[in-house]
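*Asks:* Give me coordinates for this.
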Amino acid sequence: MSLVSVKNKFQVVIPQKVREKIGVQVGDVLEARVERGKITFTPKSVLDRAIAESFEDFKAGRSHGPFRTHEDLMASLRAESAKLK
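*Replies:* The predicted structure is shown next:
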């Protein structure tokens with residue numbers, strides 16, 4: 001069992017063995033919750049809103065590619081541009 005103390009700005013240090021066990025790195029985001037009188041931290045991944053929207057576009061079929069070459073990409077762009085004219 002690892003003990004931690006609460007510092008003057010209510011900061012705590014996660015012991016090395018605990019960090020290594022769950023793979024927490026500097027810059028990771030943790031969700032803090034109170035569960036049955038205990039504080040729990042759960043690693044979370046945060047997606048930029050634009051990235052999340054692009055994932056939705058891919059799922060809905062509103063995407064193009066992947067392209068094998070830049071020529072394939074340019075041909076696709078020209079075809080889509082021609083549709084708009």
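
*Asks:* pLDDT on the strand or helix carrying Ala50, on average?
*Replies:* Taking DSSP states H and E as the criterion, Ala50 maps to helix 49-59. What helix 49-59 shows for mean pLDDT is 85.

*Asks:* Ok, stretch 17-32 next?
*Replies:* The model assigns stretch 17-32 a mean pLDDT of 92.

*Asks:* what's the first-to-last distance across it?
*Replies:* Start and end residues of stretch 17-32 are separated by 19 Å (C-alpha to C-alpha, to the nearest Å).

*Asks:* what does it rub up against?
*Replies:* By C-beta atoms under 8 Å, 6 or more residues apart in numbering, the residues outside stretch 17-32 that reach it are Ser2, Ile14, Ile39, Thr40, Phe41, Thr42, Pro43, Lys44, Ser45, Val46. Bear in mind the C-beta positions are built from the backbone N, C-alpha and C, glycine included.

*Asks:* just how off-centre is the helix ranked longest in the chain within its chain?
*Replies:* Secondary structure of the chain per DSSP state H: the longest helix is helix 70-84. Taking the mean of its C-alpha atoms, helix 70-84 sits 31 Å from the chain's own mean (C-alpha atoms, centre = their mean, to the nearest Å).

*Asks:* Same check on stretch 75-85?
*Replies:* 33 Å.

*Asks:* helices or strands up against the helix holding Ala50?
*Replies:* Here helix 49-59 touches no other helix or strand, going by 3 or more C-beta pairs under 8 Å, 6 or more residues apart in numbering; DSSP states H and E.

*Asks:* Perfect, that will be all.
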